[in-house]
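Student: From the sequence below, what's the structure:
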Amino acid sequence: MLPELAILTAMITPAVLISACGALILSTTVRLGRVVDRVRGLSDRFEELAHRDPPEIVLYEERLELTFTQLDWLTSRARHLQRAMTMFYLALGLFVGTTVTIGFLGISSPVDRELNWVPVILGMIGAGLLFIGTLLLGIEATLALRSIHSEMDFVWKLGQHHAPPPLRERLASRTLWPRFRATKE
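Tutor: Here you go, the predicted model:
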């Protein structure tokens, strides 16, 4: 194989990882934007709750608790997403550095080729950062699921409060888990 072709072949692997980093950065940015939008919506909801009398709001305490819990989880999610994006950007930079280093070592003199370990180290560190970033995304996804479950639990309570008794009784007979059984008033 021609040395130039070997150099180009060696440069392909970091290029694939650069593409992967770009996709992860894009999806993480979208997720972070959704968290920011959700925080703004909850802030508006909290503002609305603060300006009304508690007795006129159904399940006021539960709504307040849900809002604070959601804001807490959204704060954690935003931090994990920001850290993941930092890892992905650093990995991206290291993969670009790996590609550039492979190119420079390929055209350099044989004396400089003693530095062939440099792109390997850069690539390994980049891969490690990519791994850490994906772990952070996994943690964030778990928090998102927990948040959705808490909202669903609240909506179930609200449905229990507003549903007519015949509907509550019918739903209670279909439920497998006692936690979700309708309560009779």
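Student: Under the pLDDT cut-off, which ranges of the chain? List them.
Tutor: Across the chain, the ranges flagged by pLDDT under 70 are 1-5, 110-113, 172-185.
Student: Mind doing that once more with 50?
Tutor: Residue ranges of the chain with pLDDT under 50: 1-2, 181-185.
Student: what about the strands in it?
Tutor: Read by DSSP state E, the chain holds no strands at all.
Student: In it, what residue spans correspond to helices?
Tutor: With DSSP state H as the criterion, the chain has helices at 3-50, 60-107, 117-162, 165-174.
Student: out of these, deepest packed?
Tutor: When those are scored by mean count of other Cβ atoms under 10 Å, the highest mean neighbour count falls to helix 60-107 (a mean of 18). C-betas here are computed from N, CA, C, even on glycine.
Student: how far is it from where the chain is centred?
Tutor: Remark: helix 60-107 is offset 8 Å from the chain centroid, using Cα atoms, centre = their mean, to the nearest Å.
Student: Show me what it packs onto, helices and strands only.
Tutor: Applying 3 or more Cβ pairs under 8 Å, 6 or more residues apart in numbering; DSSP states H and E, we find helix 60-107 packed against helix 3-50, helix 117-162.
Student: Please tabulate those in a markdown table, including the columns distance to residue 75.
Tutor: Shown next, in a markdown table, are the helices and strands packed on helix 60-107 (distance: least, Cβ to Cβ, whole Å):
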| stretch | distance to residue 75 |
| --- | --- |
| helix 3-50 | 8 |
| helix 117-162 | 10 |
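Student: now for these, which one comes closest to residue 66?
Tutor: When the helices and strands packed on helix 60-107 are compared by Cβ to Cβ, helix 117-162 sits nearest residue 66, at 4.9 Å.
Student: quick check: angle from the closest one to helix 60-107?
Tutor: Here helix 117-162 points in a direction 160 degrees away from that of helix 60-107 (axes from the mean of the first three to the mean of the last three Cα atoms, to 10 degrees).
Student: mind checking how far helix 117-162 is from the chain centre?
Tutor: Worked out by Cα atoms, centre = their mean, helix 117-162 lies 4 Å from the chain centre.
Student: quick one: that helix to helix 3-50, angle?
Tutor: 30 degrees.
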